[in-house]
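Novice: Next one to model:
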Amino acid sequence: MFGVMMALVSGALMSIQGVFNTEVTKQSSIWAAAGFVQLTALVTCAAAWYVTGKGDVAGMFHMDKKYMLLGGVIGAFITITVIKSMDALGPAKAVMIIVISQLAVAYLIELFGLFGVEKVGFEWKKALGMALAVAGIVIFKWEY
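Specialist: Got it, this is the predicted structure:
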């Protein structure tokens, strides 16, 4: 239940952040807004790390798979693409497509066992679920 609650909070925060970032971009620039988001995230993480006193920062630089450290770079592009998609499509349509994309890529990562994730077998019910989600977007976006 805890995981479900955290996922719901995460989704809500991502939607709110996307709207906030899109508005900030309108009065500055996309790179300034994305940079500010990343900077404030860094400050927040540093403060949380300091307060909790947990974790060895140097440990992450001893990882076998160094490419795993690219999460921040990916995060910067996530911020930019969310801003652009929300500006072009509006928050609801953008988030629906973003979530479907996340779901499809996450399933492919599991299906092929990419990045060290445990490989799972193909299931038709998951493919059908994805097709239903895409159909939901089409219905939601449908204009007559």
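Novice: Output the longest helix belonging to this protein.
Specialist: In the chain, with assignment by DSSP state H, the single longest helix is helix 2-26.
Novice: Now do that one: distance to the chain's middle.
Specialist: 9 Å (Cα atoms, centre = their mean, to the nearest Å).
Novice: What residues sit buried inside it?
Specialist: Buried residues in helix 2-26, counted by 16 or more other Cβ atoms under 10 Å: 14, 15, 18, 19, 21, 22, 24, 25. All C-beta atoms are positioned from the backbone trio N, CA, C, and that covers glycine.
Novice: quick one: contacts for the third one?
Specialist: If I follow you right, that is residue 18. 82, 83, 86, 91, 94, 95 (Cβ atoms under 8 Å, 6 or more residues apart in numbering).
Novice: Please report the distance of the spatially closest residue to the fourth one that is not a sequence neighbour from residue 44.
Specialist: Across the structure, with Cβ to Cβ, 6 or more residues apart in numbering as the measure, the residue nearest residue 91 apart from its sequence neighbours is residue 19 (5.5 Å). According to Cβ to Cβ, to the nearest Å, residue 19 and residue 44 sit 19 Å apart.
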